[in-house]
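A.B. asks: Here's a sequence, model it:
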Amino acid sequence: MASSQQRPLGAATDACAGDASGPDTRVSDNAREWFRTLRPYRNASTTRSLIQLGATAIPLITLWVVTIIAVQYGYWFALLLSIPTAGFLVRLFMIQHDCGHRSFFRSRFANDLLGHVIGVFTLTPFIYWRKAHAIHHSTSGNLDHRGIGDLHLLTVREYQALPKWRRALYRLYRNPFVLFGIGPVYLFVVKFRLPLDMLRMRKGTLLSVLATNFGIAAIVVTLGILLGFGDFFLVQAPVTLLASAIGTWLFYVQHQFRDTYWARDDSWRFHTAAIAGSTYYVLPRWLRWLTANIGIHHIHHLSSMIPNYRLQECLKDFPELGQVNRLTLWESLKCARLSLWDESSQQLISFRTYSRS
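C.D. replies: Here you go, the predicted structure:
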């Protein structure tokens, strides 16, 4: 692939603590041109996809089996094993994510079939999630189209207009313990069993939800009878807890950073929102592999048909893209306190900053 002739996308920034220049100085005027430039990378490779699937599913199953055996010799050892097991479950979800974008295989049928199967193990009804996530991609950064497929976020004005008890509820919701602990478990274990928010608006999702629930019940009953329900839940509960928390954190830091992009409908632009409103989460190589390159999120949002295993190629061939909204693992921790969008400064701010101002 030839090197890029595009204009630089801007200097590297600390996405949570950088300057207050805003997205216009960090993103080129030709985000649409980048979309066209990256089009050749949208071709999936069946061989690479199958290798990635095997390199994810086989270790996941092996770790789960070893963990269930370890319960008999000491639960603390089983808890330690639940950490890598949860990591591979997250990686499996990322494959389901690609299937939802129909970018993992070239065949639409293969993507949908694999997405449905994986959904049973990730507790995520495929059709429902795919539709909600498509709405997220088509409205990301649009202040007038929030509510489906994203995290609840208020502007400063909206927060000010709330009564005190609703402000307290929003503060509770944005508390990291709730946002990354209780919230993910509720989402994957409870809400996804009957997601009423879209069942009323999108036809055809109910069957997918019921089929996923039936598959989950069949696995739980079968493994419970074979292994014992107590041991099964002792193993699966921490894996589900960790995997759901990790997945929610990844989704959070990909969009919730200080100089992110939010705009009203009349000035919102899809390609600009994709680049300016998404981070390049710079992770260690092993974490980048385990999360299937989801940290290269600005490129993914700009062209969601690019398979996860080709996103790194985009960065290699177009290094300018690696200088936008860079966010390291350590820097990302600062983003956890950001809770309100300030339309006047065009920044995401914390409750502490709001109180001071």
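
A.B. asks: looking at this structure, which helix or strand is least sure?
C.D. replies: helix 196-199 (a mean of 70; mean pLDDT, DSSP states H and E).

A.B. asks: helix or strand right after it?
C.D. replies: helix 205-227 (DSSP states H and E).

A.B. asks: how far is that following helix from where the chain is centred?
C.D. replies: 24 Å (C-alpha atoms, centre = their mean, to the nearest Å).

A.B. asks: Name the next helix or strand following it along the chain.
C.D. replies: Criterion used, DSSP H and E; the element after helix 205-227 is helix 229-253.

A.B. asks: hmm, who's touching that following helix?
C.D. replies: For helix 229-253, the surrounding residues in contact (C-beta atoms under 8 Å, 6 or more residues apart in numbering) are 64, 67-68, 71, 75, 78-79, 82-83, 85-87, 89-90, 93, 122-123, 151, 179-181, 183-185, 187-189, 220, 223-224, 279, 281, 291, 294-295, 327, 332, 335-336. All C-beta spots, glycine's among them, are computed from the backbone N, C-alpha and C.

A.B. asks: now with 7 Å?
C.D. replies: Residues outside helix 229-253 that contact it (C-beta atoms under 7 Å, 6 or more residues apart in numbering) are 64, 67-68, 71, 75, 78-79, 82-83, 85-86, 89-90, 93, 151, 180-181, 183-185, 187-189, 223-224, 279, 281, 291, 294, 327, 332, 335.

A.B. asks: can you tell me which residue is nearest the centre of this structure?
C.D. replies: Nearest to the mean C-alpha position of the chain, by C-alpha atoms, centre = their mean, lies Phe251 at 3.3 Å.

A.B. asks: For Asn308, see how far away that residue is.
C.D. replies: Using C-beta to C-beta, to the nearest Å, we find Phe251 at a distance of 15 Å from Asn308.

A.B. asks: since we're on Thr222, how many residues are nearby?
C.D. replies: Thr222 has 11 neighbours, counted by other C-beta atoms under 10 Å.

A.B. asks: go on, Leu114?
C.D. replies: 20.

A.B. asks: residue ranges of the strands in this structure, please?
C.D. replies: 154-155, 280-282, 326-328, 338-342, 347-350 (DSSP state E).

A.B. asks: Of those strands, flag the one that's most buried.
C.D. replies: Counting by mean count of other C-beta atoms under 10 Å, strand 280-282 has the highest mean neighbour count of the strands of the chain, with a mean of 22.

A.B. asks: What helices and strands are in contact with that one?
C.D. replies: In this structure, strand 280-282 packs against helix 297-302, strand 326-328, with contacts taken as 3 or more C-beta pairs under 7 Å, 6 or more residues apart in numbering; DSSP states H and E.

A.B. asks: Present the ones you listed as TSV; the columns should include mean pLDDT.
C.D. replies: Formatted as TSV, those follow (pLDDT from 0 to 100):
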stretch	mean pLDDT
helix 297-302	95
strand 326-328	94
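
A.B. asks: Adding distance to Leu113, write those out as JSON lines.
C.D. replies: Shown next, in JSON lines, are those (distance: least, C-beta to C-beta, whole Å):
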{"stretch": "helix 297-302", "distance to Leu113": "23"}
{"stretch": "strand 326-328", "distance to Leu113": "35"}
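
A.B. asks: Which one of the ones you listed lies nearest to Gln160?
C.D. replies: Closest of these to Gln160 is strand 326-328, at 28.7 Å (criterion: C-beta to C-beta).
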